[in-house]
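>>> for reference, the sequence and a predicted model appear below.
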Amino acid sequence: MIRFVNLIYNKEIIKEAGSKNNPCCHFGHFSGAPQFVSSAISTAPSPMSRDSLGVVAVFVGLLLVSPSCGGEKQLTAWVVPTTTAVRMSVLPPRGPLALTAPLALQRGEAEGTQLALRVSAPSPVTATVTLSNVSRVSDGTLHTKSGAPAATMPTLRWYKVGNVWCNKSTIYGSVTGTGWQPDVLVPAEYFDNAHVILEPNTTHAFWIDAHATRNATPGNYTANVTLTFLPPSTLPPQNLVVLLTVWQVALTPLSDAGSFPTMFNMPFREDADGATDLARYYNASVLPQRIQQAYFDTVCDSRVPADDPYLLRPRPLGDYKSLAACGARQFNLLDVSRAATNGTVLRSYTPAQIDATLNLLAPIVAALDASGLGGRALVYGFDERDTSYAPGIRQMFGAVKARFPSVRTVATLRWAPGSDLNVDVWVQLYSLWDSAAARAFNGSTWAYHCISPRPNPPASGPVRFANTFLEYPRFDARGLGWWAGYQGVDGWLYYLVNGWSQSNQHRAIDGLTGANTAHTPADDQSENEAAGANRAGRAGASNAGHGSCCTWFSAVRPNAKAVPGDPGAFSNGDGIFIYPGRLGPLASTRLFNLRDGFEDLEMLRQLARIDPDQAHALASKIVQDFVPEASFEPAHRDASPGLVLNRNHTLLEATRHALAAALAKP
């Protein structure tokens, strides 16, 4: 059982936890952790300076089973940063058994840590997971939540990290790490009575997410997590101590005019570029409003509202109202380059085609204006088209601007558009980022990634640019936000968040299962989508009672265009940041890392408005170098170092603290 119990950090109470709750734990196994925590508190700033600087830290300490309890050690637990993927085969680190994991939160921010458990018992064990309140520590004194408004207290939530199967991709074959990859975040409500089965000889991970509202009171908070195992297991309880402190600095609200805008595509009313018709996952012809709202909220909470740049018809007004309610300050109405031409982008348009496009826009623009949302409207078009499409861009965007002056135009182009093309937002592939052209552009300059950038040539070259494939380091998803701050990017676009394969047969994830039911050795050698279909079909029939490490759901995404001549080309996780769950959307470790990176970016942007040199210097601690590709075409790509990230989580946290301290200065 995991339960949160009020606890103050000091030697006596930690020793008491070892002697009463876990008599087999020897105090000596903490190897200095109590002294570390005691020292951290005694050397912390005074309460006044703590509030002014908003110093937040979360310390996680764990009491572990001692080998000297008589019998072999059957469970080992340790703390892992969220920027690291906890794979099932990973072994515990050597060294002291007691660990701490510092975190930091702005008011309004979410931040997490991972608890890894290596089970070496001869058979599966079951843990029950519960959470209780967090309590505040002021001047070294513990105060319960009673009497304090709930909105002023930070909260925690736990997820079991589920693995998805990855076959070897021909698109980035030089990347290692095929097989099981941790990604799906399955919340407590998917486990009956919060019982989680942990299969043996496997490393499991729990993601613990902390959230501080914008009204949270700055200061220190504490809780204790106790992991208790059900009979017939004889494993003693394990205690995980958590200390939270909330920064004075507040995260820029998504709805604020100064926030970092995004356009992340989430189609859901039909199968578009995959099995994206959400209603079919819930045995409905029309998606229930509560489930639609849950999907909107999940991605919006990660600062990537559920937009759709490729619309051939505007969404209903209710969709835009929902987006505005969650904080989206801009959203797309139509892909004007394709709406009146049966989905085809043209180099020039007839007057009739232009009029038809404007007539599609007129009703929704009027409705948005009447609702006070007109200033948020965008139109999109000419996705990744070359310079030969300039006349069409000039025609269509010019007509839109003439008819609807408040509607902004967005185009993803790998070349700099001139002012005569009426482009308000120019979106560049980040690996081709042209800083000089971005500075010269008379408008906003956004970046994007997709199945590109990737190694050159696809099957062998080194990985020089971050991406969000399942096999890539989780740090990279967070690092993209730091790169955006480093370059002064104005926004980010991503082409799809729910691009699930047809092989999943529109079936929602009902929970997690054991690895033995989710694939066969034959899949290990396969490099095509058929393997995903076979695996998903087999596992679905036995998705119960075997464990909690894995899901049968396929994260394979076919992309024959990526490697010409290879119809079996696919990627793992490209175009997939969320998963369809029985009760609604399931987030992913990559989505939460992207969220954390964009939250870090907001601090960088705040500081850049005050002291741009200091903001760039701090961003440079994470982004050590960036040299863009000379050309997107593989035959012309150079051997530049690409994007060089310092994937050191300790440095990341130190840099975040430096940002918060800089923002707290008068």
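Ah, there it is.

>>> what's the end-to-end length of stretch 423-431?
21 Å (Cα to Cα, to the nearest Å).

>>> how distant is that stretch from the center of its chain?
Taking Cα atoms, centre = their mean, to the nearest Å, one finds the center of stretch 423-431 at 22 Å from the center of the full chain.

>>> and what of stretch 282-300?
Remark: stretch 282-300 is offset 19 Å from the chain centroid, using Cα atoms, centre = their mean.

>>> and residue 213, what does it touch?
Residue 213 sits next to 107, 108, 151, 152, 154 when contact means Cβ atoms under 8 Å, 6 or more residues apart in numbering. (C-beta placed from N, C-alpha, C; glycine too.)

>>> now, those residues that are in strands?
residue 107 (DSSP state E).

>>> kindly give a single PyMOL line that selects the buried subset of the contacts of residue 213.
Filtering the contacts of residue 213 down to the buried ones (16 or more other Cβ atoms under 10 Å) takes a single PyMOL command:
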select buried, resi 107+108+152+154
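
>>> of all the contacts of residue 213, which two lie farthest apart?
108 and 152 (12.5 Å; Cβ to Cβ).

>>> what do the two both touch?
213, 216.

>>> so what does the host helix or strand of residue 247 touch, helix or strand wise?
According to DSSP states H and E, residue 247 maps onto strand 238-250. For strand 238-250, the elements it packs on are helix 47-53, strand 60-62, strand 75-80, strand 105-107, strand 219-229, helix 649-664, judged by 3 or more Cβ pairs under 8 Å, 6 or more residues apart in numbering; DSSP states H and E.

>>> can you list the ones you listed in CSV and add mean pLDDT and distance to residue 113?
As requested, the helices and strands packed on strand 238-250 are exported to CSV (pLDDT from 0 to 100; distance: least, Cβ to Cβ, whole Å):
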stretch, mean pLDDT, distance to residue 113
helix 47-53, 33, 21
strand 60-62, 39, 6
strand 75-80, 88, 6
strand 105-107, 95, 12
strand 219-229, 82, 11
helix 649-664, 95, 10
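
>>> pick the most buried one from those.
Among the helices and strands packed on strand 238-250, strand 105-107 has the highest mean neighbour count (mean count of other Cβ atoms under 10 Å), at a mean of 26.

>>> quick one: distance of that one to the chain centre.
Strand 105-107 has its C-alpha centroid displaced from the chain centroid by 17 Å (Cα atoms, centre = their mean).

>>> could I have the CA atoms of the longest helix belonging to the chain written out in PDB?
Longest helix in the chain by number of residues (criterion: DSSP state H): helix 589-610. C-alpha atoms of helix 589-610 as PDB (Å, rounded to 0.1, in the frame of the first residue of the first chain):
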ATOM      1  CA  THR A 589       6.100  10.000 -20.200                       C
ATOM      2  CA  ARG A 590       7.000  11.900 -23.400                       C
ATOM      3  CA  LEU A 591       4.000  14.200 -23.100                       C
ATOM      4  CA  PHE A 592       4.800  15.000 -19.500                       C
ATOM      5  CA  ASN A 593       8.400  15.700 -20.300                       C
ATOM      6  CA  LEU A 594       7.300  18.000 -23.200                       C
ATOM      7  CA  ARG A 595       5.000  19.700 -20.700                       C
ATOM      8  CA  ASP A 596       7.800  20.100 -18.200                       C
ATOM      9  CA  GLY A 597      10.100  21.600 -21.000                       C
ATOM     10  CA  PHE A 598       7.400  24.100 -21.900                       C
ATOM     11  CA  GLU A 599       7.000  25.100 -18.300                       C
ATOM     12  CA  ASP A 600      10.700  25.600 -18.000                       C
ATOM     13  CA  LEU A 601      10.500  27.600 -21.200                       C
ATOM     14  CA  GLU A 602       8.000  30.000 -19.600                       C
ATOM     15  CA  MET A 603      10.600  30.900 -16.900                       C
ATOM     16  CA  LEU A 604      13.200  31.500 -19.600                       C
ATOM     17  CA  ARG A 605      10.800  33.700 -21.400                       C
ATOM     18  CA  GLN A 606       9.900  35.700 -18.300                       C
ATOM     19  CA  LEU A 607      13.600  36.200 -17.600                       C
ATOM     20  CA  ALA A 608      14.400  37.100 -21.200                       C
ATOM     21  CA  ARG A 609      12.000  40.100 -21.000                       C
ATOM     22  CA  ILE A 610      14.000  41.300 -18.000                       C
END
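
>>> between helix 649-664 and it, find me the angle.
Counting by axes from the mean of the first three to the mean of the last three Cα atoms, to 10 degrees, helix 589-610 lies at 40 degrees to helix 649-664.

>>> give me the buried positions along helix 589-610.
589-608.

>>> for the helix or strand following that helix, name the packing helices and strands.
Moving toward the C-terminus from helix 589-610, the next helix or strand (DSSP H and E) is helix 612-622. Applying 3+ Cβ pairs under 8 Å, 6+ apart, one finds that helix 612-622 contacts helix 474-487, helix 589-610, helix 649-664.

>>> any idea of the mean pLDDT for the longest one?
Summarised as a single mean, pLDDT over helix 589-610 is 98.

>>> ok, stretch 350-358 next?
For stretch 350-358, mean pLDDT rounds to 98.

>>> now swap in stretch 263-272 and tell me
The model assigns stretch 263-272 a mean pLDDT of 96.

>>> start to end distance for that stretch?
End-to-end distance of stretch 263-272 (Cα to Cα): 17 Å.

>>> which positions within that stretch qualify as buried?
Neighbour-count burial for stretch 263-272 [16+ other Cβ under 10 Å]: 263, 264, 265, 266, 267, 268, 269, 272.

>>> what's the local residue count around residue 104?
Residue 104 is flanked by 25 other residues according to other Cβ atoms under 10 Å.

>>> pretty sure it sits against residue 656.
Yes: with contacts defined as Cβ atoms under 8 Å, residue 104 counts as touching residue 656 at a distance of 5.3 Å.

>>> just to revisit the earlier point, and the angle for the strand holding residue 247 with strand 219-229?
Orientation check (the same axes, to 10 degrees): strand 238-250 against strand 219-229 gives 150 degrees.
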